[in-house]
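Novice: 3D, please:
(chains A and B)
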Amino acid sequence: MTTVSLPDGTPLELAAGATGADAAAAIGAGLARAALAVKQDGVVQDLAAPLADGARIEVITERSGQDALDLIRHDTAHVLAAAMLDLYPGVKISIGPPIEHGFYYDFEFPDGVTFTDADFERVEAEMRKHVKADEPFVRDDVTVAEALERFRAEDQPYKVELIEDLVAGDGVEHVSLYTNGPFTDLCRGPHAPSTKRIKAFKLQSVAGAYWRGDASRQQLTRVYGTAFFSKDDLEEHLRRLEEARARDHRRLGPQLGLFAFSDISPGAAFWLPHGTRVYNALIQLSREMGEERGYTEVNTPQLYDAELWKTSGHWGKYREHMYVTESEGRPLGLKPMNCPGHAHLFGLQQWSYRDLPARYSEPGLLHRDELSGALHGLLRVRRFCQDDAHVFCTEEQIQEEVTSCLDFAFATYAVFGFDRIGIELSTRPDERLGDDALWDHAEGALEQALAAHGLSYAINAGDGAFYGPKIDLHLEDSLGRSWQLGTVQLDYSMPARFGLTYTGADNADHTPVMIHRALMGSYERFIGILLEHTAGELPVWLAPVQALVLPIADRHAGVAAGVRDELRRAGVRADLDARTESVGRKIREAELRKVPYMLVVGDREAEDGTVAVRRHGEGDEGSVAVAEIAGRLAAITAARSA
RNA sequence: GCCGACGUAGCUCAGCUGGUAGAGCACUUCACUCGUAAUGAAGGGGUCCGGGGUUCGAGUCCCCGCGUCGGCUCCA
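Specialist: Residues are numbered from 1 along each chain as shown, chains lettered A, B, ... in the order given. Next up is the predicted model:
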């Protein structure tokens, strides 16, 4: 006898050796038909897998959410591979997993064969044949030797390499193969019972992807697709992707007159007047919040003798991403980051332990020669400005300083209502400065700060900066792609390399510790993410035009200009639309520009010193005295409350 | 940088198999002076990303370059 328990805790008795399919059948015929797989103690397995006595089980059906979608998307990846082998003899297959919103499969095509999205249609047609044929997924556990023989015979070197690595790495002796129709793949599984469970699928894009993520190895052709349990779900998914395009900051920026890009300077935004207002308002926010927290602003050069970059270590590691020039034979580098400049600045002065911590901030303009293919609107640029700061402190002050950097970061995000923040601890990379004892120490300090906040975080092993580990804070864009905004980095190396010292209470020289931190990250990236999160409807305090005064007829233009001036005197960013156009048109255009407040001035308002207030997206709210609306908007701006 | 796609007026896009460029919005002018999401009419505007090539003829086909988009790699 095998006894398993169902999700509601009910025990279910089955014959010894019973499978997931048996369990589903024992519960009901309908469930047996609907069953795709079985989850045993949290692990999804084939229906044909035997159940372990005492296991908690759950039968996976179409309604099981992500587990079920992962399953058929993985199935669809196998069907794609089967179709590709049908259509492209000699194609080499590598791997094809499910991913968050779909799946991919990586192929190597024979010489001279290129694969493009124009080929999707015939591949999809071939895939449909396999789905229609209702081909079962059959698992076969074989010895490593058998598997190697099979894939060598089929001339599938990537599969051979995967098996060899499994043997070398994990010492496996058996591997599992899954066969659907004519196609057999090395695969851990699980899979649904047959290809017919795939109800709707679509190939989406083709991309290059390096074998095993290694740029020095063969580049394969990756085919992305997605699959669902119904055509409606698939269409709904595609519709959402289309909607996300409307929130794309690259579309919103020019539309709202915030910024533009030009071929003449790839990766560098041209900030238009309204975008510059937003940009400056964010810098102002950083300044005010920094001042409250004991930061002092500094201003350091753009160009430095290569000596500085050699001292910091950047010359060796990042020179190819730096813009360099020379003057009178002296090599110079345009700063890609502020830290060496700040370290040098620290060294120009004399320091006592009584002066620490010193917190230097600078909205420094940086240039990095990013790979052309990496550029992405405002989110990845070559010219940008970080809300950068460096804290120089004693060993004893680290904990408190890192903690207050994190507090500062969350306080900044709270201003914008950002609460879904991904936290990562990035640890020592292969190429690094400093010995292991230093790294142990530094990583430990960051872990403690995170623990003190009670924050849950992911470990990003090997992704630290070359001078120290870091805590990274991530937000998602409109398509769910994750972007690093904030970072707090602990650095024991650079102060020593720059020979920085302070005089301790013992009258001896000591080396300070340096904390690098940026919270918004760069103003460019932050504005990009903010636009995607708000769909361009910036909070009132940040809107480039907070109020637009709309005279109804030309005779109201004088009064309207007076209203605008009064608002401006109160510190409100107000503009006037005095064109000879209908109010309807002016309102439509202001709505499209997402201006938060439209203030209409006609005969009635001119008469009694009021404006008719219309909120963006909400319609007419009636008349309000000019002084009152000016005070209201000034208060909102001062408080950054909406 | 690599793989694939794309690049036509300020913007969004049309332009079939090669036969000398088109719409809507925007812009300019004129008329209208208007009460909460488009007043009407007329007009101007294009080295079809750049450079080569094939052809009697190239926006359209081929090659090279640049840029953008989706990925990969990278991201101090």
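
Novice: tally of neighbours for the residue nearest to A:E135 when sequence neighbours are not counted?
Specialist: Using C-beta to C-beta, 6 or more residues apart in numbering and skipping the chain neighbours, the partner closest in space to A:E135 is A:G181 (3.9 Å). Quick note: C-beta positions are derived from backbone N, CA and C, even for glycine. A:G181 is flanked by 20 other residues according to other C-beta atoms under 10 Å.

Novice: how close does A:G181 get to A:K129?
Specialist: Distance of A:G181 to A:K129, given as C-beta to C-beta, to the nearest Å: 9 Å.

Novice: likewise for A:A445?
Specialist: As judged by C-beta to C-beta, A:A445 and A:K129 stand 59 Å apart.

Novice: neighbour-wise, which of those two wins?
Specialist: Taking neighbours as other C-beta under 10 Å, A:A445 and A:K129 compare with A:A445 leading, 21 against 15.

Novice: now that one, nearest residue through space, not along the chain?
Specialist: Spatial nearest neighbour of A:A445, chain neighbours left out: A:I398 (5.1 Å); criterion: C-beta to C-beta, 6+ apart.

Novice: can you spell out which helices and strands pack onto the strand or helix carrying the one you found?
Specialist: Using DSSP states H and E, A:I398 sits in helix A:398-415. Secondary-structure packing of helix A:398-415 (3 or more C-beta pairs under 8 Å, 6 or more residues apart in numbering; DSSP states H and E): helix A:273-292, strand A:383-393, helix A:436-453, strand A:470-476, strand A:482-491, strand A:513-522.

Novice: can you give me the neighbour number for A:Y210?
Specialist: Using other C-beta under 10 Å, A:Y210 is surrounded by 14 other residues.

Novice: ok, it - contacts?
Specialist: Going by C-beta atoms under 8 Å, 6 or more residues apart in numbering, A:Y210 touches A:S216, A:R217, A:Q218, A:Q219, A:L220.

Novice: quickly list what it is bridged to.
Specialist: A:Q219 (DSSP bridges).

Novice: could you pull up the residues touching the residue nearest the centre of chain A?
Specialist: The centroid of chain A falls nearest to A:S482 when counting by C-alpha atoms, centre = their mean (1.1 Å). Counting by C-beta under 8 Å, 6+ apart, A:S482 makes contact with A:G422, A:H474, A:L475, A:E476.

Novice: are any of those residues buried, and which?
Specialist: A:H474, A:L475 (16 or more other C-beta atoms under 10 Å).

Novice: mind giving me JSON lines with the contacts of A:S482 and columns for distance to A:L576 and pLDDT?
Specialist: Below are the contacts of A:S482 laid out as JSON lines (distance: C-beta to C-beta, whole Å; pLDDT from 0 to 100):
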{"residue": "A:G422", "distance to A:L576": "43", "pLDDT": "95"}
{"residue": "A:H474", "distance to A:L576": "41", "pLDDT": "97"}
{"residue": "A:L475", "distance to A:L576": "36", "pLDDT": "96"}
{"residue": "A:E476", "distance to A:L576": "38", "pLDDT": "93"}
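
Novice: from the contacts of A:S482, list the ones also adjacent to RNA strand B.
Specialist: With the criterion set as C-beta under 7 Å from any atom of the strand, no member of the contacts of A:S482 is near RNA strand B.

Novice: what is the nearest of the contacts of A:S482 to A:M520?
Specialist: Nearest to A:M520 among the contacts of A:S482, counting by C-beta to C-beta, is A:L475 at 10.3 Å.

Novice: around RNA strand B, pick out the residues from the stretch 451-600 of chain A.
Specialist: With C-beta under 7 Å from any atom of the strand as the criterion, the stretch 451-600 of chain A meets RNA strand B at residues A:463, A:465-467, A:479, A:481, A:489, A:516, A:552-555, A:580-585, A:587-588, A:591-592, A:598, A:600.

Novice: repeat the analysis, applying 6 Å as the threshold.
Specialist: The stretch 451-600 of chain A comes close to RNA strand B at residues A:465, A:479, A:481, A:552-554, A:580-585, A:587-588, A:591-592, A:598, A:600, as judged by C-beta under 6 Å from any atom of the strand.

Novice: got a ChimeraX select line for the buried ones in those?
Specialist: Entered in ChimeraX, the line below selects the buried ones among those, by 16+ other C-beta under 10 Å:
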select /A:465,552,583,587,598,600
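
Novice: from the residues of the stretch 451-600 of chain A next to RNA strand B, which land in strands?
Specialist: Using DSSP state E, the members of these that fall in strands are A:M598, A:V600.

Novice: what's the longest helix in chain A?
Specialist: Counting by DSSP state H, the longest helix found in chain A is helix A:66-87.

Novice: now do the buried residues in that helix.
Specialist: Using 16+ other C-beta under 10 Å as the test for burial, helix A:66-87 gives A:68-86.

Novice: if you average pLDDT over that helix, what comes out?
Specialist: In this model, helix A:66-87 has a mean pLDDT of 96.

Novice: and stretch A:143-161, by the same measure?
Specialist: The pLDDT scores in stretch A:143-161 average 95.

Novice: repeat for stretch A:367-374
Specialist: What stretch A:367-374 shows for mean pLDDT is 95.

Novice: residues touching the closest residue to RNA strand B within the stretch 251-400 of chain A, list them.
Specialist: At 2.2 Å from RNA strand B, A:G373 is the closest residue in the stretch 251-400 of chain A, using C-beta to the nearest atom of the strand. Contacts for A:G373 (C-beta under 8 Å, 6+ apart) come out as none.

Novice: cool, thanks, talk later.
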